[in-house]
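J.: the amino acid sequence is not available; the structure is as follows:
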C-alpha cells in the first residue's frame with residue numbers, strides 16, 4: 001500500500017482546491033493507495049520567529065505541530081501540495097509552513113520524493129502558485145512529476161471534459177512514480193553542487209572557530225552520505241539501487 005499525503009493550503013475543506021485534488025486521488029486504486037488529506041487548521045503551527053535555529057538543529061524550536069506535519073510528508077510515498085491563488089501567490093497558511101521548513105531547501109530533505117503541485121484560481125494567477133511551489137519543492141529535493149492549475153475563467157473547474165483529461169493524466173503519473181525509486185531532475189542537479197559547497201564551508205568554519213557550534217545541515221549531508229557524491233542523481237541511484245519495485 002502506497003501512502004499519498006495531500007497538503008491543502010486552503011481552510012475550505014470542500015473548496016475548489018480540495019475538490020481538484022480529490023478528482024485526481026479518486027481515480028487511484030483504493031487497494032493500492034492510502035490517501036490522507038491535511039488542512040492548515042488541522043495543525044497548530046506557531047509563527048516563525050526568525051531565530052534561524054532550524055538551520056542549526058534541523059528542526060523548529062517551537063513546541064507546535066510542525067514536526068508531526070513533517071513526519072506525515074516524509075513518511076508518504078508521494079506528496080501532493082495544493083493552494084488556491086491568494087493575491088497572486090499561495091496562501092499565508094502554506095507560506096508559514098514553508099518558511100518554517102526552510103532548512104529542507106538546504107538539505108534536499110524530500111530526497112527525490114515525487115511531488116504533484118496543484119492550484120486553483122478565478123480569472124488569473126495561472127502559474128503564480130504552481131511556478132514558485134515547483135521551484136521550492138525542487139530546492140527541497142522533491143521531484144515534481146506534475147503541475148496543474150484549474151481556473152474558473154476560462155472554464156476549467158466546471159468543465160467535466162477538461163477535469164477528466166487533466167485528472168486522468170496526473171493520476172497516471174502518480175501510478176507510475178509511486179512505484180519506482182526516487183529520482184532527481186535538472187532543477188535539483190543545478191542546485192546540488194552549490195549547496196554541497198555551502199555545507200562544506202560550514203565544516204571549515206566549525207574547524208577554524210573556537211565556538212562550540214553544531215551545524216545540523218552539514219551533519220545531515222554527512223549522515224545521509226550526500227557529501228560523497230558530485231550529483232544528486234548518483235546519490236539517489238546508490239541509495240535506491242536495492243529497492244525492490246512491486247507494481
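T.: Good, I have the coordinates. Remember, predicted model here, so these are calculated numbers, not experimental data.
J.: show me what contacts the closest residue to residue 41 other than its chain neighbours?
T.: The shortest distance from residue 41 to any non-neighbouring residue, by C-beta to C-beta, 6 or more residues apart in numbering, is to residue 11 (5.4 Å). C-beta: built from backbone N, CA, C; applies to glycine. Counting by C-beta atoms under 8 Å, 6 or more residues apart in numbering, residue 11 touches 39, 40, 41, 93.
J.: what's the closest non-adjacent residue to the last one?
T.: Excluding its sequence neighbours, the residue lying closest to residue 93 (C-beta to C-beta, 6+ apart) is residue 40, at 3.6 Å.
J.: picking up where we left off before, on the three-state scheme, the residue nearest to residue 41 is what?
T.: coil (DSSP: H, G, I helix; E, B strand; the rest coil).
J.: kindly report the same for residue 34.
T.: strand.
J.: residue 3 is in contact with that one, correct?
T.: Yes. Using C-beta atoms under 8 Å, residue 34 makes contact with residue 3 at a distance of 5.1 Å.
J.: which helix of the protein spans the most residues?
T.: helix 186-208 (DSSP state H).
J.: which elements pack onto that helix?
T.: Secondary-structure packing of helix 186-208 (3 or more C-beta pairs under 8 Å, 6 or more residues apart in numbering; DSSP states H and E): helix 104-107, helix 130-139, helix 216-224, helix 232-239.
J.: each with direction, which strands does the helix or strand that comes right after the second one pair with?
T.: Same thing as helix 130-139. Under the assignment DSSP states H and E, the closest C-terminal helix or strand after helix 130-139 is strand 143-151. Sheet pairing of strand 143-151 (DSSP bridges) gives strand 114-121 (parallel).
J.: so how far is the strand it pairs with from its chain's centroid?
T.: Its chain's average C-alpha position is 10 Å from that of strand 114-121, according to C-alpha atoms, centre = their mean, to the nearest Å.
J.: and what of stretch 132-140?
T.: With C-alpha atoms, centre = their mean as the basis, stretch 132-140 stands 7 Å off its chain's centre.
J.: in that stretch, what's buried?
T.: Using 16 or more other C-beta atoms under 10 Å as the test for burial, stretch 132-140 gives 133, 134, 136, 137, 138, 139, 140.
J.: out of everything not next to it in sequence, what's closest to the last one?
T.: Using C-beta to C-beta, 6+ apart and skipping residues adjacent in sequence, the residue nearest residue 140 is residue 104, 4.3 Å away.
J.: thinking the one you found is in contact with residue 113, fair?
T.: No. Residue 104 lies out of contact with residue 113 (C-beta under 8 Å); the separation is 11.1 Å.
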